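# What follows is a protein structure lacking sequence information:
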């Protein structure tokens, strides 16, 4: 399949000779959750990648061509995602797939399609520790990267934030998939090690009309608060059932619940003071550029939307890696990805003018260090990044930042629990 796929890229390769004409396109595949429980994330993420490609194209494009996307909807379902990724890889012969957003989409794409085909996959927001383990076990071929920190770390950050916020006795309701199970386990281990009490951990299946039975089970043991690990649509249904059945109106929420849709669906008055954690950012000039320009480009999506910032970085890194590779082939792009975030390289930020400078440096054979919207991006041997966690709270219907827990802070908490 590799030979067929690579030979199918001949047209993209030929366009490298047309450096001034921009008469060709290099197509990058995207599998995003445009509909379903994670639809809000995927819509934001897709627009972010498109914006990054727009900016690179305005800077001159890569290999004499424009970067374009072939975007497919996973419908937030793993089996649909596999079908769409298979078409992108086998029929469209793309060298890179960006996506999915949620782990229950990214994992089957990786295990069933991209790793076997030797195609680069970059997920902007899939945080399951299973993805690290697949890399550690040698099952990704080094083709997988992600621009979000692992839930193994978010679980620690959330546990510390809960304890520091006075949430000492929690029930957990979590989505019954790889993401939900892993975050629940990581959080539970950390929370109990810090002295917290878990009264129950109740899974739920997605897309159900109501969750009264799950809420009834979770309320046993008289918890003082609920840790809800979910997505905005189902999460709102769970939260409404919890409130209507008399559950304590104290909530801890995962990163994906940082959503205006979720707050509006539940009612801001019921979520006042709710706590949450998200993969954080260290502000750079890229952050400022993105926050100033994304909403207009996206047609009204807020730059703070979950997955938006790190999806831009995924697109920027892929585009710059194609330029660095010198050809639209997966192996070369895989090998080039780390070199466009080289700590020893010249610092580059987001936007057409910065990308123009980056492309000139690449053409001169010089190293670059793209500093992303989320901050410094540095991939370890498993394609993972480390970074801070944002600590937030819902106040007057808005999500406001309370503070930040650095990677060093998380490591210190982890070390203290041993």
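Right, received. Where do you want to start? Computed from a prediction, not measured in an experiment: that's the story for all the values here. Residues are numbered from 1 along each chain as shown.
# Residue 27 sits in which helix or strand?
With elements taken from DSSP states H and E, the one containing residue 27 is strand 25-32.
# now that strand: how far from the chain's centre is it?
Put simply, strand 25-32 sits 17 Å off its chain's centre (CA atoms, centre = their mean, to the nearest Å).
# just stretch 265-272 next, same as before
Its chain's C-alpha centre and that of stretch 265-272 lie 25 Å apart, by CA atoms, centre = their mean.
# Mind listing residues that contact that stretch?
232-233, 236, 239-240, 243, 249, 251, 263, 394-397 (CB atoms under 8 Å, 6 or more residues apart in numbering). Bear in mind the C-beta positions are built from the backbone N, C-alpha and C, glycine included.
# what does stretch 190-199 give?
Contacting residues not belonging to stretch 190-199 are listed as 155-156, 158-160, 162-163, 167-172, 188, 220-223, 413-414, 417 [CB under 8 Å, 6+ apart].
# For that stretch, measure first residue to last.
Stretch 190-199 has an end-to-end distance of 15 Å (criterion: CA to CA, to the nearest Å).
# If you count neighbours, what's buried in it?
Applying a neighbour-count criterion of 16 or more other CB atoms under 10 Å, one finds 190-191, 194, 196, 198-199 buried in stretch 190-199.
# got the contact list for the closest residue to residue 71 other than its chain neighbours?
In this structure, residue 71 finds its nearest non-sequential neighbour in residue 30, 4.3 Å apart by CB to CB, 6 or more residues apart in numbering. Residue 30 sits next to 46, 49, 69-72, 97-99 when contact means CB under 8 Å, 6+ apart.
# quick one on the thing from earlier: any idea which of the buried residues of stretch 190-199 is closest to residue 345?
Closest approach between the buried residues of stretch 190-199 and residue 345, by CB to CB: residue 190, at 35.6 Å.
# Quick check: the closest one is in a strand.
No - in this structure, residue 190 is helix, not part of a strand, as judged by DSSP: H, G, I helix; E, B strand; the rest coil.
# Apart from its chain neighbours, what residue comes closest to it?
In space, not counting the residues next to it along the chain, residue 190 is nearest to residue 159; the distance is 3.6 Å by CB to CB, 6+ apart.
# Spit out the contact partners of residue 42.
The contact partners of residue 42, taken as CB under 8 Å, 6+ apart, are 32-35, 73-74, 76, 99-101, 307.
# Out of these, list just those in strands.
Mapping the contacts of residue 42 onto strands (DSSP state E) picks out 32, 73, 99.
# so how many other residues sit close to the second one?
If I follow you right, that is residue 73. Residues near residue 73, counting by other CB atoms under 10 Å, number 20.
# Can you verify my assumption that it contacts residue 33?
Yes - using CB atoms under 8 Å, residue 73 is in contact with residue 33, at 7.5 Å.
# ok so, going back, just the buried residues of the contacts of stretch 265-272.
Buried members of the contacts of stretch 265-272, scored by 16+ other CB under 10 Å, are 232-233, 236, 239-240, 243, 249, 251, 263, 394.
# returning to what we had before: give the bridge partners for the residue nearest to residue 71, please.
Beta-bridge partners of residue 30, counted by DSSP bridges, are residue 71, residue 98.
# From residue 319, how far off is it?
13 Å (CB to CB, to the nearest Å).
# likewise residue 114?
To residue 319, residue 114 is 18 Å away according to CB to CB.
# hang on, the earlier thing: would you write a ChimeraX line that selects the buried entries of the contacts of residue 42?
Typed into ChimeraX, the next command selects the buried ones out of these (criterion: 16+ other CB under 10 Å):
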select :32,33,34,35,73,74,76,99,100,101,307
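# Name the nearest of the contacts of residue 42 relative to residue 216.
Ranked by distance to residue 216 (CB to CB), those are led by residue 76 at 26.2 Å.
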